[in-house]
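> The following block contains a protein sequence and its predicted model.
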Amino acid sequence: MKYLALLLVWLVCIGAAPVRLITDLSQRRIDIVYTFKGAELLVFGAIQYPAGGVPDEAPGLAIVVRGPAVPITLRKKRRVAGVWINTDSVRFETAPGFYSVATSAPISTLVDERNAAIWEIGVDYLQLSPTGMDTPEIGNAFQSGLIELRRKAGLYAEHEGGVQVTQNVLYQARIAIPSAVPVGDYTAEIYLIRKGKVIARATSPIHIGKSGFERWVYVAAHRHSLEYGIAAVGLALLAGWGAGLIVRRT
Amino acid sequence: MSIYLPIAEISVNWAIIVLLGALVGFLSGMFGVGGGFLTTPLLIFYGIPPAVAVASSATQITGASVSGALAYWKRGGVDVKMGGVLVAGGFIGAGLGSVLFHWLQQLGQIDVTINLIYVLFLGTVGGLMLKEAVGAVRRQARGTKAPARLHHHNKYIASLPGKMRFYKSGLYISPLAPLLLGVAVGILTVIMGIGGGFILVPAMIFLLGMSTSTVVGTSLFQIIFVTAATTLLHAVESQTVDIVLAILLLSGGVLGAQFGVRAAQKVSPEKLRLGLALLVVGVAVRLAIGLTWRPAELYTVFSG
């Protein structure tokens, strides 16, 4: 408490309240229903400058939407006796299932390497923690392989210039969520960057989950596997028998 | 047009899946086979995860075989005793196959193994069928008749102990022979997502020497029980049965099969067999190319 009070006194003395980011999302949760084809998440907000002074210089912003990190094993195919089979593998403990970053300027000019690495701004700065490889080079090769794979699937994305800033105060970015996203708890992270350094940051949670029929089927398949299997067989038998009857009548 | 599959966890165009089911149904109606050997690879080409494709294809076959099996049953075309032995073998095979499937999944070789087994089986069976069919078409063109087949007695099968009478099939053989056949087909059902009709039917005719009137009905009888058991195993072991996918395939399949049956009546059986043989060989070649050419993606993600 004492330190906090001292800090406040100090801030008042130098007349510099910190810059704050105010942020909101178009959706706090995204429901995957049977018509789900992907979604677009709108992240927007305002920059609150101390004493209301808006600088003339356009602010640098990076908006990151990050999915849950699920440990995965990445395998590489190699030709053995003429056939391409899975051989070497590397495990990634903290690879996010989804990662998309939008920035107001090219990442290389917006943020310095140290800050990019600390806050994981940019696909190349993701810390995926590869394990189980013989040399770090193999780990790096697999890491690029994984990033390339997920880039193609739309699961890892970079949109340089994807953040629009209005009157140096308001900001917004649209983040595309493809249909193949993993379910779970996501976060939207907003970074205000000046001279390559992160000077303010805000986060906001998002939940992506199956709902309605999709959720019901998924939960049944995982929690009541045997009953689900019996129901699947029953339904298939019924559908096949019923369809046979209909076709024979017509 | 798109629908999100709850277990496969991707959004697909449902019309394409129904059409795919209809195409397979058409061919199966035309050639009198289940068509699982086409469904699974086509689903994988479309982007369904291999494990889900295999499991859901088995579920679809259960449904697709019902009306055929019932029709044969009413005509007395099912040898229940023989079918029972085959089903018992099939259950054992499905159990063994499931252990194998799980082990391969953990090794991370399931996708490659599914493809390899496909190439091996379709290549062999398709090659044999092609040889037989080309011979038949040539003989037909020359106007000569096929050499009359003697009642088959395979000497290895005849030497198996403990013979039993199968009245409907007109056989006096050891039940070990159909049991082992059932085991083999059961393993393939679990790993490949096929009914196994295109292996069962020739094996029952040429290896066991069953009378042809009960072969198809009995094979359908076996397929229903073994694919149902396979669905249960996949549902419990790996939660890979996508019921939405199976129902979509089924709805297209039933319609397609009707057209296939009508189309088949306009073509001579020799040409039909040749067409089926070419189809099987074609799928095998396509899969072999996939295995031996440098893949577009060298890396594959396995969760866990």
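It's in.

> Let me see the ranges of the strands in the stretch 51-200 of chain B.
Here the stretch 51-200 of chain B has its strands, by DSSP state E, counting those that start in this stretch, at B:164-166, B:171-173.

> Nearest approach to chain A belongs to which of those strands?
Comparison of the strands of the stretch 51-200 of chain B against chain A by C-beta to the nearest C-beta identifies strand B:164-166 as nearest, at 26.4 Å. Any C-beta I mention is one placed from the backbone N, CA and C, and that applies to glycine too.

> For the closest one, buried residues please.
residue B:166 (16 or more other C-beta atoms under 10 Å in any protein chain shown).

> Now find how far off-centre that strand is within its chain.
Distance, stretch centre to chain centre, for strand B:164-166: 26 Å (C-alpha atoms, centre = their mean, to the nearest Å).

> Tell me the helices and strands packed up against that strand.
strand B:171-173 (3 or more C-beta pairs under 8 Å, 6 or more residues apart in numbering or on different chains; DSSP states H and E).

> Neighbouring strands of the strand it packs on in the sheet, and parallel or not?
Here strand B:171-173 has these sheet partners by DSSP bridges: strand B:164-166 (antiparallel).

> Over to the closest residue to chain A within the stretch 201-304 of chain B. Which of the three states is it?
Closest approach between the stretch 201-304 of chain B and chain A, counting by C-beta to the nearest C-beta: residue B:235, at 3.0 Å. Following DSSP: H, G, I helix; E, B strand; the rest coil, the label given to residue B:235 is helix.

> likewise the one 4 residues further on?
Secondary structure assignment for residue B:239 (three-state DSSP): coil.

> Over to residue A:128?
Under three-state DSSP, residue A:128 comes out as coil.

> who's in contact with it?
A:92, A:94, A:95, A:143, A:146 (C-beta atoms under 8 Å, 6 or more residues apart in numbering or on different chains).

> So which of those belong to strands?
Using DSSP state E, residue A:92 are the members of the contacts of residue A:128 that sit in strands.

> Identify the bridge partners of the residue nearest the centre of chain A.
Closest to where the C-alpha atoms of chain A average out (C-alpha atoms, centre = their mean) is residue A:66, at 2.4 Å. Residue A:66 has these beta-bridge partners by DSSP bridges: residue A:99, residue A:187.

> quick one: it and residue A:182 touch, right?
No. Residue A:66 is not in contact with residue A:182 according to C-beta atoms under 8 Å; the separation is 11.5 Å.

> Give me the distance from whichever strand or helix holds residue B:258 to the chain's centre.
Element membership of residue B:258, judged by DSSP states H and E, is helix B:243-264. Computed by C-alpha atoms, centre = their mean, the chain-centroid distance of helix B:243-264 equals 15 Å.

> just checking, what packs against the helix or strand following it?
Counting by DSSP H and E, the next helix or strand C-terminal to helix B:243-264 is helix B:269-292. Using 3+ C-beta pairs under 8 Å, 6+ apart as the contact test, the elements touching helix B:269-292 are strand A:83-92, helix B:14-31, helix B:36-46, helix B:110-142.

> where does the stretch 1-150 of chain B come near chain A, residue by residue?
B:2-4, B:6-7, B:9-11, B:59-60, B:62-67, B:70, B:108-109, B:111-112, B:116 (C-beta under 8 Å from any C-beta of the partner chain).

> do that again at 7 Å, thanks
B:2-4, B:6-7, B:9-11, B:59-60, B:62-64, B:66-67, B:108-109, B:112, B:116 (C-beta under 7 Å from any C-beta of the partner chain).

> In helices, which of those fall?
B:59, B:60, B:62, B:63, B:64, B:66, B:67, B:112, B:116 (DSSP state H).

> could these go into CSV alongside neighbour count and distance to residue A:106?
What follows is those, written out as CSV (neighbours: other C-beta atoms under 10 Å in any protein chain shown; distance: C-beta to C-beta, whole Å):
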residue, neighbour count, distance to residue A:106
B:59, 31, 50
B:60, 35, 50
B:62, 28, 56
B:63, 30, 55
B:64, 35, 55
B:66, 22, 61
B:67, 20, 62
B:112, 21, 41
B:116, 16, 46
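
> And those residues, which two are furthest apart?
B:67 and B:112 (35.8 Å; C-beta to C-beta).

> in the helix holding residue B:258, what's buried?
So for helix B:243-264, counting by 16+ other C-beta under 10 Å, buried means B:243-258, B:260-261, B:264.

> Name the surrounding residues that touch the longest strand anywhere in chain A.
Secondary structure of chain A per DSSP E: the longest strand is strand A:197-210. Strand A:197-210 has contacts (C-beta atoms under 7 Å, 6 or more residues apart in numbering or on different chains) with A:18-21, A:23, A:25, A:28-32, A:41, A:112, A:115, A:119, A:181, A:183-193, A:215, A:218, B:6.
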